[in-house]
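1. model this:
(one chain, ligands or ions: 1)
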Amino acid sequence: MILRKSLVAAALATAIITAPIAAALTSPAAFAEQQQAKGTVYILATGGTIAGAAKSATQTTGYKAGALGVQTLIDAVPRMKDYAKIEGEQIANIGSQDMTTDIWLKLAKRINELLKRDDVTGVVITHGTDTLEETAYFLNLVVKSDKPVVMVGAMRPATAISADGPMNLLDAVRVATDPESKGRGVLVALNDTINAARANTKTNTASLQTFSSPEVGAVGMITGGKVRYYRQVEREHTTKTPFDVSKLDKLPRVDIIYTHVSDDGVMADAAVAAGAKGIVSAGSGMGSIHKDTYPALEKAIAKGVVVVRSNRTGSGFVDAAQQWKDCVTADNLNPQKARILLQLALTQTSDPKKIQEMFDKY
Ligand code: GLU
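-> Have a look, this model is predicted:
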């Protein structure tokens, strides 16, 4: 505990020493005016390793995620003030493996409220990396603004030697305040790389370079403190989707069924019994389903459950060639993202044809 306190104190002391010289030389009134001209970035904190604390500076596994509050994260990176007035809010403080729909809805509603304000330039969300890609895609479908929404995390806890959180956070603010970031949907900024929400996925349990976009690649980089974009985001998002969280206080149940050798219908039957309105099949190869699983899925479809075929390979598409019964095919959405789109689609319709159109668009 004493060590943890001293590590945080050391981080804060370093932060104070590296505070921007320009700010130190400017009068408080002039500095406040400059900040106002720059606009405000809200940092909405949800926990994760970026707010994690370990017993020692060399410990990078087995630490407590979501241990530090948002103000501690902000105080550790004073250079963020070079880009915007920084405000922090604690939405949750959890390891993101425990993320819930309730937190998602609270987060999305707050983002939509904040981005309506003229003085707010953008929003940065600190988040555990485990389910960061899911929150990013959910927000990508429900945020109603073109202003930047940037998700950030870290792979090393805040107490570690060479913690990656502070630089990632500064980079996220750089992305959130860059005019070029507008209209690209939700972005994920970690380890110098900017990925778009739909394609982005966690690819490694421990490496700093864990996020990537298999097949389509990153959209940009942050190098030398500069945000650089190299391609557009083609699929529709944010203001161009019909999904409206302002009227939602829950999402329909959708379960993912991960296929394997000797799979059968037990999991599909259990999902339907638990009240699932949708099932995402994480099929093998191009979305293949075991012959012994089909009968249970067929029963589910007959009951009005919407089945989406995705795949467990980590990349690649499942398309109309895999059409079976009234199934929907997931294109190149991974199962956890197909689940989110299906949940939101089911808030509008349970017609598989209309849901397929959404999968072809978003
Ligand atoms: N399991 C924790 C979480 O997702 C730590 C992972 C991380 O933040 O990188 O919050």
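2. so what's the residue of the stretch 151-300 of the chain found nearest the ligand closest to, chain neighbours aside?
-> Residue nearest to the ligand within the stretch 151-300 of the chain: G153 (5.0 Å; C-beta to the nearest ligand atom). Glycine gets a C-beta too; all of them are placed from N, C-alpha and C. Leaving aside its chain neighbours, G153 sits nearest to T129 (4.3 Å; criterion: C-beta to C-beta, 6 or more residues apart in numbering).
3. who's in contact with the one you found?
-> T129 makes contact with G48, T49, S96, G153, A154, M155, L190, K202, T210, F211, according to C-beta atoms under 8 Å, 6 or more residues apart in numbering.
4. got a pLDDT number for it?
-> Looking at T129, its pLDDT is 98.
5. what of the one 5 residues further on?
-> According to the predicted model, the pLDDT of E134 comes to 98.
6. can you tell if the host helix or strand of I125 touches the ligand?
-> I125 belongs to strand 120-126 when assigned by DSSP states H and E. No. Counting by C-beta under 6 Å from any ligand atom, the ligand has no neighbours in strand 120-126; the shortest distance is 9.2 Å.
7. can you check what angle separates the next helix or strand after that strand from strand 120-126?
-> Scanning forward in sequence from strand 120-126 by DSSP H and E, the next helix or strand is helix 132-142. If you take axes from the mean of the first three to the mean of the last three C-alpha atoms, to 10 degrees, helix 132-142 sits at 150 degrees to strand 120-126.
8. pull the number of nearby residues for the residue in the chain that the ligand sits nearest to.
-> The nearest approach of the chain to the ligand comes at G128, 1.7 Å away (C-beta to the nearest ligand atom). Residues lying near G128 (other C-beta atoms under 10 Å) number 24.
9. same thing with P148?
-> 28.
10. was I right about it contacting V123?
-> Yes. Counting by C-beta atoms under 8 Å, P148 touches V123, with 7.4 Å between them.
11. shared neighbours, those two?
-> With C-beta under 8 Å, 6+ apart as the test, P148 and V123 both reach A176.
12. can you give me the helices in this structure?
-> Along the chain, the segments classed as helices by DSSP state H run 2-17, 21-25, 28-38, 70-75, 101-115, 132-142, 165-177, 266-273, 294-302, 335-346, 352-361.
13. so which of these gets nearest S288?
-> Set against S288 and scored by C-beta to C-beta, the helices of the chain come closest in helix 294-302, at 10.8 Å.
14. and the closest one, what does it pack against?
-> Judged by 3 or more C-beta pairs under 8 Å, 6 or more residues apart in numbering; DSSP states H and E, the packing partners of helix 294-302 are helix 266-273, strand 278-283, strand 306-311.
15. residues contacting the residue of the stretch 151-300 of the chain closest to the ligand?
-> G48, T49, I50, S96, T126, H127, G128, T129, L132, G165, N168, L190.
16. likewise for L190?
-> By C-beta under 8 Å, 6+ apart, the neighbours of L190 are T129, V152, G153, A154, M155, D164, N168, L208, T210, F211.
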